[in-house]
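Trainee: just the structure for this:
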Amino acid sequence: MSNKVSVIIRTRNEERFVGYAIQSILDKIDKPEIIILDNNSIDQTSQIVRLFSQDKSLQSKNNKNYTDIKVFNIKDYTPGKSLNFGIKKAKYQNIIIMSAHCEIKKIDFINHLKDLNKYICIFGNQTPVYRGKKITKRYIWKHFGNKKLENMYSKSEERYFLHNAISIYKKKFMLKNPFNENLQGKEDRYWINKLMKKKKYKYLYDPNLEVIHHYTPNGNTWKGIG
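Mentor: Numbers count the residues shown, from 1 in each chain. The predicted structure is shown next:
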């Protein structure tokens with residue numbers, strides 16, 4: 001079983017947090033491929049991303065401060081379209097999808113990969129941070145508890161719950177079961193509910209996979225908070 005992974009991050013004007021996101025990946029995962037899918041950023045996002053890009057002619061292959069980073073600008077952007085594109089471009093079978101304004105706090109990567117032999121997806125816990133302050137888990141954040149849970153069902157949303165702030169997939173499965181490219185948000189929830197109606201799959205919420213989720217004014221997860 002290969003433990004190599006491609007990490008997919010979507011960006012739009014993420015200069016404040018994207019460097020923290022990438023650094024947390026490099027701190028927790030050995031030499032990942034990172035794929036940046038940019039939605040016409042006009043700030044310093046791309047310049048910050050390049051700080052971490054491996055220059056094979058200058059940097060030692062063992063230098064953990066740099067890695068293989070690819071950047072693509074997505075025309076006619078939607079979340080599903082960008083993710084499907086990134087998955088197709090990924091060179092590894094293990095795929096992590098992560099928010100550009102998250103930092104990996106915990107990951108048990110080898111055991112997560114073992115679980116992917118049983119589950120179609122694993123998604124993780126989130127600690128919400130509003131302008132530096134941890135906030136009480138209300139609203140959507142109530143879903144992120146401290147126990148593992150198969151096939152999480154949201155009573156508030158009345159549907160199966162999955163969140164792509166941090167999640168792990170297999171490329172082969174995702175190529176056969178892509179995200180909806182017409183949606184402007186919640187592609188993760190629509191994807192899992194479509195699959196669960198189609199066939200009784202299993203997916204896993206694992207709090208041993210955890211990110212710090214920073215507040216962004218335009219983030220869908222944060223609507224009604226702050």
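
Trainee: torsion angles phi and psi at the residue lying closest to Ile212 once chain neighbours are set aside?
Mentor: Of all residues not flanking Ile212 in the chain, Glu103 sits nearest, at 4.6 Å (C-beta to C-beta, 6 or more residues apart in numbering). No exception for glycine: its C-beta is placed from N, CA and C like everyone else's. Glu103 adopts backbone torsions of phi -120, psi 130, taken as degrees, to the nearest 10.

Trainee: distance check, Glu103 against Pro128.
Mentor: 12 Å (C-beta to C-beta, to the nearest Å).

Trainee: circling back: show me what contacts the residue nearest to Ile212?
Mentor: 17, 20-21, 23-24, 211-212, 214 (C-beta atoms under 8 Å, 6 or more residues apart in numbering).

Trainee: what do you get if the cut-off is 10 Å, keeping everything else the same?
Mentor: 17, 20-25, 27-28, 127, 129, 166, 210-214 (C-beta atoms under 10 Å, 6 or more residues apart in numbering).

Trainee: again with Ser53
Mentor: 22, 34, 36, 59, 66-71.

Trainee: can you turn the buried part of the residues you listed into a ChimeraX selection?
Mentor: The ChimeraX command for the buried members of the contacts of Ser53 (criterion: 16 or more other C-beta atoms under 10 Å) is given here:
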select :22,34,36,66,67,69,70,71
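
Trainee: tell me which two in the contacts of Ser53 are the farthest apart.
Mentor: Maximum pairwise distance among these (C-beta to C-beta): 18.4 Å, between Ile36 and Gln59.

Trainee: give me the phi and psi for the residue nearest to Asn73 when sequence neighbours are not counted.
Mentor: Using C-beta to C-beta, 6+ apart and skipping residues adjacent in sequence, the residue nearest Asn73 is Asp38, 5.0 Å away. Per-residue torsions, Asp38: phi -100, psi 140 (degrees, to the nearest 10).

Trainee: what pairs with the most centrally placed residue in the chain across the strands?
Mentor: What sits nearest the mean C-alpha location of the chain, by C-alpha atoms, centre = their mean, is Met98, with 1.8 Å. Applying DSSP bridges to Met98 gives these bridge partners: Ile9, Ile166.

Trainee: next one: it from Ile9, what distance?
Mentor: Taking C-beta to C-beta, one finds Met98 at 6 Å from Ile9.
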